[in-house]
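*Asks:* Quick one, fold the following:
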Amino acid sequence: MIIFFKRFCPLWIVSLANVLFLSTSLFAGGSLTLGAGSGLGVKRHYLAQETLRHIFDSKDPRELTRKRFSFYLDNHRFTATTTINQSLQDYLDRLFDDALGAMSAIVCIDPIAGRIVAMSGFDRMQPFSKVWTQRLVPSASIFKIVTAAGAMEFYSMNPSTILYFNGGRHTLYRYQLNDKKNRYTSKVTFKEAFSHSINPVFGKLGIKYLKREGLIEMATRFLWQRPIPFELPVKISPFELSDDPFSLAEVASGFNRDTKITALHEALISAGIANGGVIMAPSFIDMVVEKGGEIVYQNKFYPLVRALNPKTASLLRQMMQDTITKGTARRAFRGWEKDKVLKELTIGGKTGTIDSKDHRFRYDLFTGFACSKRNGRCLAVGVFVAHQGVLGRRSASYARLAIKKYFETMQQ
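*Replies:* Next comes the predicted model:
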């Protein structure tokens, strides 16, 4: 895996990866077991991530998002230091305290290291759940990122490629998936189709180009149907395909409710695109120290998967920037070029919106990234909101506020 990683990453990242991969055995060592009857396999010199998942799953979400917190295991006291940016975390917690809707979640990640800098949200139906990793919502048009990546990766399409569609932009009917051109046919660039989230274009890409095999390949690269290693349990994002061509079109365009995602998964998608196609393994724990000072767990930065080659990642970043400036997120980011913080950033994103089957909820999603033009520091964000009744703050607006606050704290 290291050899594959070296082919595509900057030298300093490769060097860091080599050190961390080689040091894995250091933290996996130790043979003296604490509390053999616990069944958790806790070793004196190492706490496995699986053990932390067992312990942290029962803790209050607000406690986990402090800079430090303590816990006990077999009468031994441990202190965990997190990767959380406390200023950003507190700010987002206050925003969600006054939020409307049934549930919301936001996850903010440093794409280069995979460090979680904030996790916030709420779930009215399950008040003490870790909504960021445990709630699955329809991924909707977020999945267009997967289809776009496959079209560029496998078929050499680019943002200027000309594509055609019939009918409405945000509908998906069988007649819209044929190649007949008439006076009602619209012509768009791939970039325009992406930034404006045009369903029939992506439905046709799924049927005529990627097909079943290509969609499965790209969805797997982007972590659908795959476990995500983390210090908390993470629901696996489901992805299913039938052999029906129209079903392929629905999935490829995100016009379905069965392909689902967590807020953490959303953030990882944009993190990988911002990081040249490499998705780093996420972590919110820097280290765990046993009373007395011995380190028994330490974060290991390592690449989880290469989702894209660097060229495709670069082209996707361009298309996601158009979503902010001209596309479906332009209202939420209006005036960013005049904002003293945001104007110094390169910002990209993708939105998604779909109703629940019973139309009780309106799911509203955003995944995106922001990178400093001065020092290259980046932030990736994944947000969803389940609106109920009156529409509250939109997911892209939460993302904008989080991005601005984060980069303000970096200037302090």
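
*Asks:* show me where the stretch 1-150 of the chain has strands.
*Replies:* Secondary structure of the stretch 1-150 of the chain (DSSP state E, counting those that start in this stretch): strands located at 68-73, 76-82, 103-110, 115-123, 137-138.

*Asks:* name the helices or strands packed onto the fourth one?
*Replies:* Looking back up the chat, that one is strand 115-123. For strand 115-123, the elements it packs on are helix 86-97, strand 103-110, helix 131-134, helix 263-274, helix 395-411, judged by 3 or more Cβ pairs under 8 Å, 6 or more residues apart in numbering; DSSP states H and E. Every residue, glycine included, has its C-beta placed from N, CA and C.

*Asks:* okay, the ones you listed, which one's buried deepest?
*Replies:* Burial among the helices and strands packed on strand 115-123, expressed as mean neighbours by mean count of other Cβ atoms under 10 Å, is greatest for helix 263-274, which shows a mean of 29.

*Asks:* other SSEs contacting that helix?
*Replies:* If you count contacts as 3+ Cβ pairs under 8 Å, 6+ apart, helix 263-274 packs onto strand 103-110, strand 115-123, helix 131-134, strand 278-280, helix 310-325, strand 345-355, strand 362-372, strand 378-387.

*Asks:* Indicate each strand paired with the last one and its parallel or antiparallel sense.
*Replies:* When pairing is defined by DSSP bridges, strand 378-387 lines up against strand 103-110 (antiparallel), strand 362-372 (antiparallel).

*Asks:* Between helix 395-411 and the shortest one, find me the angle.
*Replies:* Using axes from the mean of the first three to the mean of the last three Cα atoms, to 10 degrees, the interaxial angle of strand 103-110 with respect to helix 395-411 works out to 40 degrees.

*Asks:* now the angle between strand 115-123 and strand 103-110, please.
*Replies:* Going by the same axes, to 10 degrees, strand 103-110 is angled at 180 degrees with respect to strand 115-123.

*Asks:* hmm, which helix or strand of this structure has the shakiest average pLDDT?
*Replies:* When the helices and strands of the chain are compared on mean pLDDT, DSSP states H and E, helix 24-27 comes out lowest with a mean of 32.

*Asks:* Just give me the neighbour total for the residue lying closest to Arg374 once chain neighbours are set aside.
*Replies:* With Cβ to Cβ, 6 or more residues apart in numbering as the criterion, Arg374 has its nearest non-adjacent residue at 6.3 Å, and that residue is Glu344. Taking other Cβ atoms under 10 Å as the neighbour definition, Glu344 ends up with a count of 15.

*Asks:* same question, the one 10 residues further on
*Replies:* As a burial measure, the neighbour count of Ile354 was computed by other Cβ under 10 Å and equals 19.

*Asks:* what sits against the nearest residue to it once chain neighbours are set aside?
*Replies:* On the basis of Cβ to Cβ, 6+ apart, the spatially nearest residue to Ile354 that is not a chain neighbour turns out to be Ala140, at 4.1 Å. For Ala140, the contact set (Cβ atoms under 8 Å, 6 or more residues apart in numbering) comprises 254-255, 352-354, 363, 365.

*Asks:* Let me know the closest of those to Leu401.
*Replies:* Leu365 (16.0 Å; Cβ to Cβ).

*Asks:* My guess is that closest one contacts Thr351. True?
*Replies:* Yes: with contact defined as Cβ atoms under 8 Å, Leu365 and Thr351 form a contacting pair (6.7 Å).

*Asks:* Give me the common contacts of those two.
*Replies:* 141-142, 395.

*Asks:* Can you tell me the centre-most residue of this structure?
*Replies:* The centre of the chain sits closest to Ala267, judged by Cα atoms, centre = their mean, with a distance of 2.0 Å.

*Asks:* Return the per-residue confidence for it.
*Replies:* Residue-level confidence at Ala267 comes out at 98, pLDDT.

*Asks:* show me what contacts it?
*Replies:* Ala267 makes contact with 107-109, 367, 380-382, according to Cβ under 8 Å, 6+ apart.

*Asks:* Any chance of JSON lines for those residues, columns distance to Thr81 and pLDDT?
*Replies:* Rendered in JSON lines, the data for the contacts of Ala267 read as follows (distance: Cβ to Cβ, whole Å; pLDDT from 0 to 100):
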{"residue": "Val107", "distance to Thr81": "19", "pLDDT": "98"}
{"residue": "Cys108", "distance to Thr81": "18", "pLDDT": "98"}
{"residue": "Ile109", "distance to Thr81": "18", "pLDDT": "98"}
{"residue": "Thr367", "distance to Thr81": "28", "pLDDT": "98"}
{"residue": "Ala380", "distance to Thr81": "22", "pLDDT": "98"}
{"residue": "Val381", "distance to Thr81": "23", "pLDDT": "98"}
{"residue": "Gly382", "distance to Thr81": "24", "pLDDT": "98"}
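
*Asks:* closest to Phe154 among these?
*Replies:* Thr367 (22.0 Å).

*Asks:* Would you agree the closest one is in contact with Gly348?
*Replies:* No: contact status for Thr367 versus Gly348: not in contact, 9.6 Å apart, counting by Cβ under 8 Å.

*Asks:* Show me which of these two is the more surrounded one.
*Replies:* Each of Thr367 and Gly348 had its neighbours counted (other Cβ under 10 Å), and the higher figure belongs to Thr367 (32 against 26).

*Asks:* Would you mind measuring from that one to Gly382?
*Replies:* Applying Cβ to Cβ, to the nearest Å, the value for Thr367 to Gly382 is 5 Å.

*Asks:* one step back: may I see the helices and strands packed on strand 115-123 arranged in JSON lines, with distance to Ile285 as well?
*Replies:* Output for the helices and strands packed on strand 115-123, formatted as JSON lines (distance: least, Cβ to Cβ, whole Å):
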{"stretch": "helix 86-97", "distance to Ile285": "14"}
{"stretch": "strand 103-110", "distance to Ile285": "14"}
{"stretch": "helix 131-134", "distance to Ile285": "14"}
{"stretch": "helix 263-274", "distance to Ile285": "14"}
{"stretch": "helix 395-411", "distance to Ile285": "20"}
